[in-house]
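Engineer: Provide a 3D model corresponding to the input given below.
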Amino acid sequence: MKKRVKQIIFWVAIVLILLVAAWYSLFFFNFTPASENTYGVSFASAQAEYLGFDAKEVYSALLDDLGVKNLRISVYWNRLQPQKDKYDFSELDWQMDQAQKHNASVILAIGRRVPRWPECHSPTWAKNLSKQEEENALLSYLETVVLHYKNRPALRIWQVENEPFLDLFGECPRHDKKLLKKEINLVEKLDPNHPTMVTDSGEFGTWARTHGLGEYLGTSIYRIVAEWWSGYVKYGGFIPPAFYPIKAWLVQKPMDQIIISELQAEPWTRKELLKTSIQEQFKSMSLKQFKKNIVFAQRTGFTEIYFWGAEWWYWMKSQDHPEFWEEARKLFMH
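Structural biologist: Take a look at the predicted model:
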C-alpha cells in the first residue's frame, strides 16, 4: 500500500510539472543562444565494438576528426576487473592519455550501473557473491579506480552510478540509496579535488532524490522512443523545454550545476540496433530529428550538453550516411 501511494504521488507530481511547464513555455520561455552551449559526447568501448569497430578507431576519430573536447566515458566493472584479483587499466589508461593529449576533459562514469544496456555491468565472479560481499567488492573496486585516476589531468568529474533510481529500466537489482551514499562519500573522501555527479531521468525523474547527492546533477533528454506495446512514443508532443528547468527550480538546483549528460542522438529501437533497418532507425532518429533535439536541448537553458550516440554516427558514416557525423562536426568545430 505504501509503495502504491508513493507511485501515485510521483505521477501526480510529474503531471503537475508538465502543466506548469506547458503554461510557462507558452508565455515566458526563450531560446538560449547556441553560441553559449558547450558540447560533448558519451563514449562506450563496448558499443563501438558491438557496431563492428575497434574502439580506439572510433575514439580517435572523435578527438581528431570531430574535435571533441568533452567526453563522458562509461567505465565497466566487468571490463576493468574481469577477475577478482586482477585489474586491466590498459584501455582506460589509453583513453585518458589521448584525452590529455587533445586537451579534452573527461567525466568518468563509475559504479555497478553505468551507461549502456544492460545498465548494470557486474563481473561474472561478483554475481555469485552474497549481497554484503558484492557491496564490499563494489566499494573496493571504486576505491581502486579513484586512486588510479584521481591525479589524471584530463579528469573533470566523477559520475557515481547512472540513473540509480530508474528501477523500471535495465537488468539491475532495486536501487539502494544507502549504498549509493556510501559510494559517493567514498569517492569524495578519496578525491576531494574533483566534484561528483549523480544522474536522473529527464522524463521519469522528479530529481527530488538526486539533486543533493552530488555537486552536479546530470539528466537525460529523449524525444522519440520505441515501445513494444505502442510503436513510438514522441515526448515532443507533450514535454516542453521548460519541463526541465522547472524541475531544477522546484528542487533548488542551480542551472549551472545541471548537465545534460545524455541527449538522444541515436535511434531507440525495439530490436537490437544492428537487427533494425536504417529506414526503421530513421523513425526515431532522422537528421531532421537530430537537429530538432539540439534546438530543444538549447531551449532548456542548460548550457552543457553531452550527446548519446556518437558511436552510431560513426557507424552510419560507414553505411553511406555521413550526415550525422558532419552535422556534429559543425558544433564541435564551432
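Engineer: Low-confidence ranges, the stretch 151-300 of the chain, go.
Structural biologist: Low-confidence segments of the stretch 151-300 of the chain (pLDDT under 70): 228-230, 236.
Engineer: quick one: the strands in it?
Structural biologist: 155-160, 196-200, 216-221, 224-227, 231-234, 258-264 (DSSP state E, counting those that start in this stretch).
Engineer: so what's Tyr306 bridging to?
Structural biologist: Under DSSP bridges, the beta-bridge partners of Tyr306 are Gly40.
Engineer: how near is it to Asn37?
Structural biologist: In this view, Tyr306 and Asn37 are 11 Å apart by CB to CB, to the nearest Å. To be clear about C-beta, it is placed using only N, CA and C from the backbone, and glycine gets the same treatment.
Engineer: which one of those two has more residues nearby?
Structural biologist: Neighbour comparison, Tyr306 and Asn37: the larger count goes to Tyr306, with 24 against 17 (by other CB atoms under 10 Å).
Engineer: Look at the more buried one and report its pLDDT.
Structural biologist: Looking at Tyr306, its pLDDT reads 98.
Engineer: Keeping just the C-alphas, turn stretch 195-202 into PDB.
Structural biologist: The C-alpha trace of stretch 195-202 is given here as PDB (Å, rounded to 0.1, in the frame of the first residue of the first chain):
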ATOM      1  CA  PRO A 195      33.400  17.000  -8.000                       C
ATOM      2  CA  THR A 196      30.900  14.200  -8.200                       C
ATOM      3  CA  MET A 197      27.800  13.900 -10.400                       C
ATOM      4  CA  VAL A 198      24.600  11.800  -9.900                       C
ATOM      5  CA  THR A 199      22.300  11.400 -12.900                       C
ATOM      6  CA  ASP A 200      18.500  11.100 -13.100                       C
ATOM      7  CA  SER A 201      16.000  10.500 -15.800                       C
ATOM      8  CA  GLY A 202      14.800  13.700 -17.500                       C
END
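Engineer: In contact with Ile224: list those residues for me.
Structural biologist: 232-236, 264, 268, 283-285, 289 (CB atoms under 8 Å, 6 or more residues apart in numbering).
Engineer: quick check, nearest of those residues to Leu180?
Structural biologist: Gln264 (25.0 Å; CB to CB).
Engineer: Count the neighbours of that closest one for me.
Structural biologist: 24.
Engineer: Same question for Lys69.
Structural biologist: 16.
Engineer: Surely it is in contact with Gln100?
Structural biologist: No. The criterion here is CB atoms under 8 Å, and Lys69 misses it with Gln100 at 11.8 Å.
Engineer: Next, the buried residues of stretch 325-334.
Structural biologist: 325, 328-329, 331-332 (16 or more other CB atoms under 10 Å).
Engineer: Contact partners for the closest residue to Tyr87 other than its chain neighbours?
Structural biologist: Closest residue in space to Tyr87, ignoring its immediate chain neighbours: Gln81 at 5.3 Å, by CB to CB, 6 or more residues apart in numbering. By CB under 8 Å, 6+ apart, the contact list for Gln81 reads 87-88, 123, 141, 144.
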